[in-house]
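> mind looking at a prediction? Sequence and model below.
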Amino acid sequence: MTEGYAIELTVNGRQVSAEVRADETLLEFLRTQLRIIDAKSGCGKGDCGTCTVLLDGLPVKSCIVLAASADGKDVKTLSGMQNEPLVKALQESFVTHGAVQCGFCTPGMILTAASYLNEHKNPSRDDIRRALSGNLCRCTGYKKIVDATQAVARRNE
Amino acid sequence: MYKMRYAAPRTLTEALRLLGEEREGVYVVAGSTNVLPDLRAKKIRPSLLLSIEKLGELKGIHADGDVVTVGALTTINELLASRDIELNAGILHQAAQRFADPLVRNRATIGGNLANASPAADSAVPLLALDAVLDICSARGEREVPLSSFFTGPGKTVLERDELIRAVRFPSDSENQKAFIKFGLREAMAISLVSVGVELRIQKDEVAYARVAFGAVAPTPMRGFRTEEFLVGKKLTAEVLDEARQVASREVRPISDVRATESYRRHISGVLLGRAIKMALGGGMS
């Protein structure tokens, strides 16, 4: 039993007011209170990156962010970024390159890739691998994930 | 009934008051990259999660003459993005590139990494080599503690229950030759098996100044005082380097655990020291 803590934040462009437990994670809040399920629950301890969301524009692992600390902040998940050309291009590239196997890591992978490509115009293959190093693919389909990301980076040159 | 509360004060005064009032079970939380896994694993059972995230007093990087001050809430990615850090704390900048992974680096803070006091803390090794001092505050007042006497054991520090790290301070290392090496089992999200940092100044072919620090080879991140003492005044010939490796291997106090054995860590400590010295001097790796 924990006391509720009132928060107000923006999630995928929508103003949200809610009460969260002191120990509630941002991931749990998104999935159970808001039913936003494109952020996935994988390891639950910050290792795998399937829960990646953007917090004030920065990619973070939402399973190790307290929901309470998102108070006053802007949260974006992949489903809230469908109109962004870079995100669309990455989604299409992941499909054409066969970079989606079971698909569980894909939303986090694409969010991390999108936020990296937004900041870096001409990354090498190694740069991309380093940028995605916090997102694990348990199907181990890394080559195609890097291929798909690199193809979009090249298009942006 | 067990209740956990959350508070996110907006001023340092208020945070220190709350910290001073609560007797037990207060956990200070910033990026929560350590606290949340510990909560989930039921390693901790707080009565109050005291978020210090909103305290502007603990933010910012300032380079003033030869002294750099880094607010405790500075994230690892903020260190990486800082030109002041790149120019004046090259070793810390190198270490930040190997810290956890790019997503964790957006949340993990330098104060949190130090207060968590992991023997393998990746920010502690470069900061020890930088001779860093911590500015610590409480409702009772302020004090400074050299980082080399801050850690007392795994997860343990000299911080009193009502104290917070406010900032980390160190002299610029722009004139030094330096290198940080982290040896882990993966490139990302690895817990160091051994990490080494060195800061050197060479005058007339001899070592005039040496700072050596090791991670994950003792109950706390440690200064290599004996290795430093051995190096100062010497010409860095192949023989001297070889001897320095042995001094380092003897000086570290590692344990055997799931990641490596004691003797392996001793050996690697020496090997990495040699490589770090060569890297610092610009000779690449042997």
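Yep, that arrived. Just so it is clear, the model here is predicted, and its values are computed rather than measured.
> would you map the strands across the chain?
By default, I'm working from chain A. Using DSSP state E, the strands assigned to chain A run over residues A:4-11, A:14-21, A:52-55, A:58-61, A:74-76.
> think we crossed wires, I meant chain B
Per DSSP E, chain B has strands spanning B:5-7, B:26-29, B:48-51, B:61-64, B:67-71, B:133-138, B:141-146, B:151-153, B:156-157, B:164-171, B:177-183, B:194-203, B:206-215, B:222-223. These are given in chain order.
> surely residue B:270 and residue B:245 touch.
Yes: judged on C-beta atoms under 8 Å, residue B:270 makes contact with residue B:245 at a distance of 3.4 Å. The C-beta positions use only the backbone N, C-alpha and C, and glycine is treated the same way.
> so which of those two has more stuff around it?
Under the criterion of other C-beta atoms under 10 Å in any protein chain shown, the comparison of residue B:270 against residue B:245 puts residue B:270 first, with 24 against 20.
> nearest residue to the middle of chain B?
Geometric centre of chain B, nearest residue: residue B:124, 1.2 Å, by C-alpha atoms, centre = their mean.
> which residue does the stretch 151-286 of chain B bring closest to chain A?
Nearest residue of the stretch 151-286 of chain B to chain A, counting by C-beta to the nearest C-beta: residue B:188, 3.4 Å away.
> which ones are touching that residue?
A:130, A:133, A:134, B:100, B:101 (C-beta atoms under 8 Å, 6 or more residues apart in numbering or on different chains).
> got it, and residue A:57?
By C-beta under 8 Å, 6+ apart, residue A:57 lies in contact with A:74, A:76, A:115.
> residue 40: neighbour count?
Picking chain A for this. For residue A:40, the number of neighbouring residues by other C-beta under 10 Å comes to 20.
> try again with chain B
As a burial measure, the neighbour count of residue B:40 was computed by other C-beta under 10 Å and equals 16.
> again with residue A:95
When neighbours are counted by other C-beta under 10 Å, residue A:95 registers 12.
> read off the pLDDT value for it.
We note a pLDDT of 97 for residue A:95 in this prediction.
> then residue B:284?
Looking at residue B:284, its pLDDT reads 47.
> which parts of the stretch 151-286 of chain B sit against chain A?
Within the stretch 151-286 of chain B, the residues that sit near chain A (C-beta under 8 Å from any C-beta of the partner chain) are B:187, B:188, B:189.
> for the first one, give me its contacts.
What that stands for is residue B:187. Under the contact definition (C-beta under 8 Å, 6+ apart), the residues listed for residue B:187 are A:130, A:133.
> how about 6 Å then?
Going by C-beta atoms under 6 Å, 6 or more residues apart in numbering or on different chains, residue B:187 touches no other residue.
> show me where chain B has its helices.
If DSSP state H is used as the criterion, the helices of chain B fall at B:12-21, B:35-40, B:76-81, B:83-88, B:90-97, B:110-116, B:124-129, B:225-231, B:238-251, B:262-280.
> check chain A too.
Taking DSSP H as the criterion, chain A carries its helices at A:26-28, A:85-96, A:106-119, A:125-131, A:142-155.
> touching chain B at all, the third one?
Yep, that's helix A:106-119 we're talking about. No: for helix A:106-119, no contact with chain B is found by C-beta under 6 Å from any C-beta of the partner chain; the gap never falls below 6.7 Å.
> could you give the angle of that helix to helix A:142-155?
In terms of direction (axes from the mean of the first three to the mean of the last three C-alpha atoms, to 10 degrees), helix A:106-119 departs from helix A:142-155 by 30 degrees.
> check which helices and strands helix A:106-119 sits against.
strand A:52-55, strand A:58-61, helix A:85-96, helix A:142-155 (3 or more C-beta pairs under 6 Å, 6 or more residues apart in numbering or on different chains; DSSP states H and E).
> same thing but at 10 Å, please
Contacts of helix A:106-119 with other secondary structure elements, assessed using 3 or more C-beta pairs under 10 Å, 6 or more residues apart in numbering or on different chains; DSSP states H and E, are made with strand A:52-55, strand A:58-61, helix A:85-96, helix A:125-131, helix A:142-155.
> cool, and the shortest one?
If you count contacts as 3+ C-beta pairs under 10 Å, 6+ apart, helix A:26-28 packs onto strand A:14-21, strand A:52-55, strand A:58-61.
> buried ones in the longest one, by neighbour count?
When you say that, I think you mean strand A:14-21. Neighbour-count burial for strand A:14-21 flags A:16, A:18, A:20, A:21 (criterion: 16 or more other C-beta atoms under 10 Å in any protein chain shown).
> roughly how far apart are the closest residue to the first one other than its chain neighbours and residue B:122?
Right, residue A:16. Leaving aside its chain neighbours, residue A:16 sits nearest to residue A:9 (5.7 Å; criterion: C-beta to C-beta, 6 or more residues apart in numbering or on different chains). Distance of residue A:9 to residue B:122, given as C-beta to C-beta, to the nearest Å: 31 Å.
> likewise residue A:94?
Here residue A:94 is placed at a distance of 32 Å from residue B:122 (C-beta to C-beta).
> in terms of neighbours, single out the busier of these two.
More crowded of residue A:94 and residue B:122, by other C-beta under 10 Å: residue B:122, with 28 against 24.
> flag the shaky bits of chain B, pLDDT-wise.
B:1-2, B:283-286 (pLDDT under 70).
> cool, and chain A?
Segments of chain A classed as low confidence (criterion: pLDDT under 70) are A:1-3, A:156-157.
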